[in-house]
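J.: here is my input; please provide its structure:
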Amino acid sequence: MTDEERLRWFEAQAEDAYGRMYDATNASDATARYSDAKEAFYSAIESARRLGQAEVTARLKARLAHVKAVFRSQFG
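T.: A predicted model of the protein is given here:
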């Protein structure tokens with residue numbers, strides 16, 4: 001897997017976990033999916049940073065901030 005592919009994989013994992021957060025049947029499951037999403041976003045952000053992709057890094061940081069805000073307002 002190339003670094004670019006790894007970046008895309010982490011981002012896809014983050015978005016998938018975020019989507020599954022809404023499918024959770026209880027608060028514990030929602031929190032676990034939120035944690036999964038955060039970890040995958042952190043990995044994607046680090047990958048983008050290592051690749052020197054400042055715009056992608058900024059976009060991913062903004063998306064993570066959005067996910068955090070949604071979780072806090074709807075599940076927290």
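
J.: list the single closest residue to Arg49 in space, sequence neighbours excluded.
T.: Nearest residue to Arg49 in three dimensions, chain neighbours excluded: Thr57, at 5.1 Å (CB to CB, 6 or more residues apart in numbering). The C-beta positions use only the backbone N, C-alpha and C, and glycine is treated the same way.

J.: that neighbour: neighbouring residues, count only.
T.: Applying other CB atoms under 10 Å, we find 19 other residues in the vicinity of Thr57.

J.: equivalent analysis for Ala65, please.
T.: 11.

J.: that one: which element?
T.: Under DSSP states H and E, the secondary-structure element containing Ala65 is helix 54-74.

J.: how far off centre is that helix?
T.: Taking CA atoms, centre = their mean, to the nearest Å, the mean C-alpha location of helix 54-74 is offset from the chain mean by 8 Å.

J.: list the buried residues of it.
T.: Residues of helix 54-74 classed as buried under the neighbour-count rule (16 or more other CB atoms under 10 Å) are 56-57, 60-61, 63-64, 67, 71.

J.: stretch 34-43 too?
T.: Under the neighbour-count criterion of 16+ other CB under 10 Å, stretch 34-43 has 34, 36-38, 40-41, 43 buried.

J.: and the two most separated of these?
T.: The distance between the two most remote of the buried residues of stretch 34-43 (CB to CB) is 15.2 Å, for Tyr34 and Ser43.

J.: not counting its neighbours along the chain, what's nearest Val56?
T.: The shortest distance from Val56 to any non-neighbouring residue, by CB to CB, 6+ apart, is to Ala48 (4.2 Å).

J.: who are the packing partners of the helix holding Ala65?
T.: helix 3-23, helix 27-50 (3 or more CB pairs under 8 Å, 6 or more residues apart in numbering; DSSP states H and E).

J.: what about the closest residue to Tyr18 other than its chain neighbours, distance to Arg63?
T.: Residue nearest to Tyr18 in three dimensions, not counting chain neighbours: Ala37, with 4.5 Å by CB to CB, 6+ apart. Relative to Arg63, Ala37 is positioned 10 Å away (CB to CB, to the nearest Å).

J.: joint contacts of the two?
T.: Taking CB atoms under 8 Å, 6 or more residues apart in numbering as the criterion, Ala37 and Arg63 both touch Ala14.
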